[in-house]
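>>> Generate a structure from the sequence data that follows.
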Amino acid sequence: MTQNQPTFAPQISVPATYMRGGTSKGTFFKLSDLPERCQEPGQARDNFLLRVIGSPDPYGKQIDGLGNGSSSTSKTVILSKASRANHDVNYLFGQVNIAKPMIDWAGNCGNLTAAVGACAINMGLVDADKIASSIDKDADSGVCEVRIWQENIGKTIIAHVPVYKDENGQVQVQETGDFELDGVTFPAAEVKIEFIDPVDSSSDMFPTNNLVDDFDVSGCDLDKDSVKATFISAGIPTIFMKAEDLGFSGTELQGDTNSNDALLAKLEKIRARGGVAMGLFTDESEAQSSQHIPKIAWVAPAQSYNASSGKAVNKEDINLVVRAMSMGQLHHAMMGTAAVAIAAAATTQGTLVNEAAGGGELTEVRFGHPSGTLLVGGKTDQVDGRWQAKKVSMSRSARRIMTGEVFVPADSF
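Okay, here's the model as predicted:
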């Protein structure tokens with residue numbers, strides 16, 4: 001007698017690398033390793049990556065995937081060998097929504113950018129001769145300059161990846177070291193990142209053509225109908241406001257905001273309104289399908305506070321304090337792309353960020369964030385009446401946590 005066999009989908013495995021980059025973590029794939037139908041943009045690719053990370057998850061924990069229930073860890077990266085001249089690797093980033101079946105492909109992740117160069121070298125995407133020549137003949141270590149084409153935003157990023165010769169004379173990525181990054185528990189090797197021309201030459205870094213705007217926030221549950229704002233599109237579109245105008249001090253930690261549903265709803269209303277002001281949306285309702293951009297942030301003059309680790313941040317050691325929202329939550333440190341926006345705004349005289357940092361001509365600033373501090377540098381100029389950021393730089397670190405295979409049900413994509 002034949003019994004009905006239960007039907008089920010087997011799991012398939014795909015090579016993957018799990019890495020920390022800056023203060024974020026993500027799952028990295030080589031494009032050619034993905035299932036064939038996932039090698040092109042579309043629903044199959046999105047469904048595959050959603051299942052890898054464990055979204056959508058109404059519990060908000062992503063227990064059945066590699067995400068950890070926060071915007072800083074709900075991230076995917078696809079790398080491929082660059083076809084563009086003078087570049088080594090293509091880098092495509094996907095911000096995976098935790099609760100919704102949605103991946104935002106509109107922007108970059110500046111933190112995971114720090115891991116792209118090292119991952120590309122380890123995946124064999126960077127020319128072997130270039131890697132070998134990054135160490136002088138009589139030296140044991142050096143720096144490999146990996147030129148990255150950021151596909152989401154169409155920009156060049158340069159990662160200066162430390163490398164060394166192992167006992168067999170093979171060049172390897174140096175991942176451990178003594179560089180400390182606030183928001184990351186353990187020290188690692190320093191990776192210097194340069195964002196080249198983060199603003200299109202044909203567009204204005206300030207989309208409203210103003211360094212400071214009177215921003216209409218009527219109906220957004222503030223005690224005023226208008227506040228000052230700097231709208232900037234560098235690194236990632238960002239709305240900067242004064243902390244005091246939002247009822248903040250600028251020293252908030254996640255526990256002060258992320259469990260306050262009324263506060264989060266108010267900030268989301270302001271973000272949606274700002275997206276319309278920047279020309280990103282035609283209607284505020286469009287913000288629901290664009291959680292990644294724009295970002296909303298608030299600034300205040302330097303002041304002392306205790307970071308989330310308990311570490312004391314002294315106002316004498318910083319130029320200003322900044323807090324920023326990511327995917328509806330206060331970020332535990334600072335998004336790398338928002339740090340680009342901070343650098344560009346701080347080094348442009350007359351913005352709210354520049355004023356909070358003391359004003360005047362600045363080439364770099366150290367700002368305080370929930371986990372500590374970060375030093376960023378920038379160079380901005382006016383070209384044909386438009387403000388342009390020529391280069392923004394910062395130091396991060398990155399480390400491989402796992403390489404192997406990720407398993408997903410075959411019928412999930």
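
>>> Where does I342 sit: helix, strand or coil?
Under DSSP: H, G, I helix; E, B strand; the rest coil, the three-state class of I342 is helix.

>>> Report the contact partners of T113.
Residues near T113 by Cβ atoms under 8 Å, 6 or more residues apart in numbering: 21-22, 91, 148, 150, 157, 159, 193, 336, 396. For every residue, glycine as well, the C-beta is placed using N, CA and C.

>>> Show me where the stretch 201-350 of the chain has its strands.
Secondary structure of the stretch 201-350 of the chain (DSSP state E, counting those that start in this stretch): strands located at 213-216, 226-234, 236-242, 295-301, 305-306, 312-313, 320-326, 329-330.

>>> which helices and strands does the fifth one pack with?
This means strand 305-306. Counting contacts by 3 or more Cβ pairs under 8 Å, 6 or more residues apart in numbering; DSSP states H and E, strand 305-306 is packed against strand 312-313.

>>> roughly how far out does the strand it packs on sit from the chain middle?
Relative to the centre of its chain, strand 312-313 is centred 24 Å away, using Cα atoms, centre = their mean, to the nearest Å.

>>> any chance of the contacts of T113 in a markdown table, with distance to N111 and pLDDT too?
Formatted as a markdown table, the contacts of T113 follow (distance: Cβ to Cβ, whole Å; pLDDT from 0 to 100):
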| residue | distance to N111 | pLDDT |
| --- | --- | --- |
| G21 | 5 | 98 |
| G22 | 3 | 97 |
| Y91 | 13 | 98 |
| I148 | 14 | 98 |
| Q150 | 13 | 97 |
| I157 | 12 | 97 |
| A159 | 12 | 98 |
| I193 | 10 | 96 |
| G336 | 4 | 92 |
| R396 | 7 | 96 |
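
>>> Now intersect the residues you listed with the strands, please.
Residues of the contacts of T113 located in strands (DSSP state E): 21, 91, 148, 150, 157, 159, 193, 396.

>>> What distance do you get for the last one to G42?
Just to be clear, that refers to R396. From R396 over to G42 the distance is 31 Å, taken as Cβ to Cβ, to the nearest Å.

>>> Settle it for me: which of those two has more neighbours?
Looking at R396 and G42 with other Cβ atoms under 10 Å, you find the greater number of neighbours at R396, namely 27 against 11.

>>> Skipping its backbone neighbours, what lies nearest the more buried one in space?
Distance criterion Cβ to Cβ, 6 or more residues apart in numbering; nearest residue to R396, sequence neighbours excluded, is A114 at 3.6 Å.

>>> which ones are touching that neighbour?
With contact set as Cβ under 8 Å, 6+ apart, A114 has these partners: 21-22, 159, 191, 193, 336, 396-398.

>>> any chance of the ones in strands among the contacts of T113 in a markdown table, with distance to V376 too?
What follows is those, written out as a markdown table (distance: Cβ to Cβ, whole Å):
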| residue | distance to V376 |
| --- | --- |
| G21 | 16 |
| Y91 | 20 |
| I148 | 18 |
| Q150 | 18 |
| I157 | 14 |
| A159 | 16 |
| I193 | 10 |
| R396 | 11 |
